[in-house]
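A.B. asks: generate coordinates for the sequence data below:
(2 chains)
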Protein chains: 2
Amino acid sequence: MILIRNGTFLTLTEKNVIKEGDLIIKDSLISYMGPQKEWKDKFDTVIDAKNHIVMPGFVNAHAHLAMTLMRGIADDLPLQKWLFDTIFPIENKLTAKDIYFGSLLGIVESIRAGVTTVADFYFHMEKSAQAVKESGIRANLGFGLASKIGTNTLQLKAAEKFINRWQESENGRILASFAPHAPYTCTLQFLKAISNQARTMNVLVQTHLHETKKEVEEFKKKYGTTPIEKLDTIGFFNAKVNAAHCVWMNDNDINILKNNNVGVTLNPQSNLKMGAGIPLINKMYNAGLTISIGTDGAASNNNLALIEDARLTSFLAKGTSLNPELLNAKELLKMATVNGTKNLGFSDVGLLKEGYKADIILIDTKKPHLTPFTDPYSLVAYSMYPSDIDTVLIDGKIVMKNKEILTVDEENILKEAESCYKQLRIPNK
Amino acid sequence: MILIRNGTFLTLTEKNVIKEGDLIIKDSLISYMGPQKEWKDKFDTVIDAKNHIVMPGFVNAHAHLAMTLMRGIADDLPLQKWLFDTIFPIENKLTAKDIYFGSLLGIVESIRAGVTTVADFYFHMEKSAQAVKESGIRANLGFGLASKIGTNTLQLKAAEKFINRWQESENGRILASFAPHAPYTCTLQFLKAISNQARTMNVLVQTHLHETKKEVEEFKKKYGTTPIEKLDTIGFFNAKVNAAHCVWMNDNDINILKNNNVGVTLNPQSNLKMGAGIPLINKMYNAGLTISIGTDGAASNNNLALIEDARLTSFLAKGTSLNPELLNAKELLKMATVNGTKNLGFSDVGLLKEGYKADIILIDTKKPHLTPFTDPYSLVAYSMYPSDIDTVLIDGKIVMKNKEILTVDEENILKEAESCYKQLRIPNK
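C.D. replies: Next up, the predicted model:
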């Protein structure tokens, strides 16, 4: 059993903020969250959270972990040049080792930034799963799928096999999902088959929807409807879907997502940096969609610090509407935590609440940029740096303590990742 | 003499990136920037910059240092409620001690985030000047002015006295300026008198221009022109002006600023968070304005990490235009450094160049989020955290070494700032 005491606890429940409370972890679960008490229990570990904010870990609800290896290799380029002249040629040459160390690099970066759950979405997923397993991070692993002709039955079978192997593994810390790339890289027939299979297996579908204006307009030219409208007619949303991006949306698109209980994951940094645009955050929020936040891959962000994207989500909501009252600090932190776990298919993760999984971060507030200690929601939402996280627990286990990663060999990961990068032949570099 | 070696030097000059170069500092100036050599000189200090990016310090070209004491006290509120119900009532009660420790808190936070030059803009400026002097940071200190009736001669005289005392003091590290609050809080007569005086004394004028749609519209209703158009007709821009915000601009406004060589300082985080809007970055950039970047005060940002605002400036330029090629990493870093010193009236500050002032930061790149080591411009512009700065030199002096602030007692500043905050009576808290 672990006791965390003396911190300022942001429960994100109706208990709100508990000052100098106690939080007890038994196995993987939170067994007590409340006022400080005298305990007769013997604790294996007592964590003194004095001068710390304690809260649920951040959830990165859309990422491509292995792409961390491609951080900064193709900035300030038009999307087509980025994708077809740089990213795709490199991806064609990636080895299993690249995927493994790229994923580990992304995971270590994520844990340091307080991310306790991540949605991965790529290929060679066995290696990514291995990295997730070893590191102790919670993840939903999306098996990447694409087919421009009919249904790729081989891919679908491989995905099924992968999902059957990993779904609910590691005490439920790992989930797996089908991850069709997008309506512009998959046929409608394939998308329908994937959705049917996901529904049968009761697992999540992750996909990219309505990221760029161009893709929506080209689809409309071809089919007369938006991708989301078309996917609705073929029953794609009968499965549980987490849709990344959702930048170019009409009212009907938003209604369809709402009526089908589709999770929406915004990636505002990636969308701005890649020139995709600014999502209609307020409209989607007012429609009652469950909005979570993602970083997208490091090649288009260029880091995995979820708090940066969360902050930007709030700022864009306020700035585009000229209304600073929208999306306040507390609402924002829910998007960055419990909404993410919901959209990724985890239940009972993302709050400091009895019976919930112990995915917890400690934020060191004894810093000039977190002084004075005014409103803890505000300090996290608007002032903290990703580096202020010093201790991270996932599924009841301490994975980082006082800035030291305990589960994997970080030094070696940095070295191997650097070496993998040097062996990639980057076009024009 | 100080020698910095083994780093990756981003000179921001035509020398571009120098890998494993040498940089030598003699007194307050850079005396050599180039390839590594055998030196016969005896150096007082040798800084090993292995695994570090070395570059000019960031310039925060618009801030209100003492407001750091008000971080997070009034978030998610409409501007009027923020200003009139919270900020103004508190400001009326601020003591000299509050200003002193609020400024020191802001300075320590700034140095840690790699800011080597800051534009302050407030009242009780003697105390802020004291803090700047002791801390070793470079600053242009704006003496705040406001008057709704005629010309406030007393204020103007006090500003003159303050400027005469501080201008070009501390080896030129401190400049001083007139800082009329805005056209909606100062009469045209007062603004004209201030500008004339600034021109006579050959010092800068700092002011807020066109921050909100409302202020521009109300001014137009009253005068039939925008504030900038009116200021042009009264000769306000005959003095050297640094204009903060500039969100709501028409083409003529932009032309006027360009023709008068007015410096523009964007504050994108503050503008979004306060619901002011999104500045027309691309238009101003294409018009050839000298654009620098500011954080604004911590009560509206909510931190002083200039790199966050710089990154957002690039992202907004790309995202609003749907063009990822705009404002690339290197151009952005110039805005965040040398453009700021130009707009604040400093010459020969902001490049790694012989004869320039030695205002230099070292960024530790041995971090997961800065791995692999791809493009150093990109790593700084898009990936680094403010906390990656570990060593800071200003005017040839080491003010932070390996994360330790050497000039002032940081621990005591945090304690005193917290205590000042607790003695403010915050409305509704």
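A.B. asks: quick one, what contacts the closest residue to residue A:212 other than its chain neighbours?
C.D. replies: Distance criterion C-beta to C-beta, 6 or more residues apart in numbering or on different chains; nearest residue to residue A:212, sequence neighbours excluded, is residue A:276 at 5.1 Å. Heads up, the C-betas are built off the backbone N, CA and C, glycines and all. Contact analysis of residue A:276 by C-beta atoms under 8 Å, 6 or more residues apart in numbering or on different chains lists A:79, A:211-213, A:245, A:247, A:270, B:319, B:322.
A.B. asks: end to end, how far does stretch A:299-308 reach?
C.D. replies: Start-to-end span of stretch A:299-308 (C-alpha to C-alpha, to the nearest Å) is 16 Å.
A.B. asks: likewise for stretch A:84-99?
C.D. replies: With C-alpha to C-alpha as the measure, stretch A:84-99 spans 20 Å from end to end.
A.B. asks: please see if that stretch touches chain B.
C.D. replies: No: shown here: stretch A:84-99 not in contact with chain B (C-beta under 8 Å from any C-beta of the partner chain), separated by at least 11.1 Å.
A.B. asks: what residues of that stretch count as buried?
C.D. replies: Neighbour counts over stretch A:84-99 (16 or more other C-beta atoms under 10 Å in any protein chain shown) mark A:86-87, A:90-91, A:94, A:98-99 as buried.
A.B. asks: for the residue in the stretch 101-250 of chain A that chain B sits nearest to, what are its contacts?
C.D. replies: Residue nearest to chain B within the stretch 101-250 of chain A: residue A:109 (3.8 Å; C-beta to the nearest C-beta). Counting by C-beta under 8 Å, 6+ apart, residue A:109 makes contact with A:68, A:298, A:303-305, B:368-369.
A.B. asks: now for these: which two are most distant?
C.D. replies: A:68 and A:305 (12.1 Å; C-beta to C-beta).
A.B. asks: between these two, which one's more packed in?
C.D. replies: Per other C-beta atoms under 10 Å in any protein chain shown, whichever of residue A:68 and residue A:305 has more neighbours is residue A:68, with 31 against 26.
A.B. asks: for stretch A:205-224, give the mean pLDDT please.
C.D. replies: For stretch A:205-224, mean pLDDT is 97.
A.B. asks: which parts of that stretch are buried?
C.D. replies: Buried, per 16+ other C-beta under 10 Å, within stretch A:205-224: A:205-212, A:215-216, A:219.
A.B. asks: excluding its backbone neighbours, what's nearest residue A:47?
C.D. replies: Beyond its immediate neighbours in the sequence, the residue positioned closest to residue A:47 (C-beta to C-beta, 6+ apart) is residue A:4, lying 4.6 Å away.
A.B. asks: same thing with residue A:220?
C.D. replies: Nearest non-adjacent residue to residue A:220, counting by C-beta to C-beta, 6+ apart: residue A:226, 6.1 Å away.
A.B. asks: which ones are touching that neighbour?
C.D. replies: Taking C-beta under 8 Å, 6+ apart, we find residue A:226 in contact with A:210, A:216, A:219-220, A:250, A:252-253.
A.B. asks: likewise residue A:22?
C.D. replies: Contact analysis of residue A:22 by C-beta under 8 Å, 6+ apart lists A:3-5, A:32-37, A:39.
A.B. asks: one more time with 7 Å, if that's ok
C.D. replies: Residue A:22 makes contact with A:3, A:5, A:32, A:34, A:36-37 under the criterion C-beta atoms under 7 Å, 6 or more residues apart in numbering or on different chains.
A.B. asks: any idea how far the residue most central in space within chain A lies from chain B?
C.D. replies: Central residue of chain A (C-alpha atoms, centre = their mean): residue A:60, 1.9 Å from the mean position. From residue A:60 across to chain B, the span is 13 Å (C-beta to the nearest C-beta, to the nearest Å).
A.B. asks: let me know the pLDDT of that residue.
C.D. replies: 98.
A.B. asks: look at the nearest residue to residue A:90 once chain neighbours are set aside and say how many residues are nearby.
C.D. replies: In this structure, residue A:90 finds its nearest non-sequential neighbour in residue A:424, 5.6 Å apart by C-beta to C-beta, 6+ apart. By other C-beta under 10 Å, the residues close to residue A:424 number 19.
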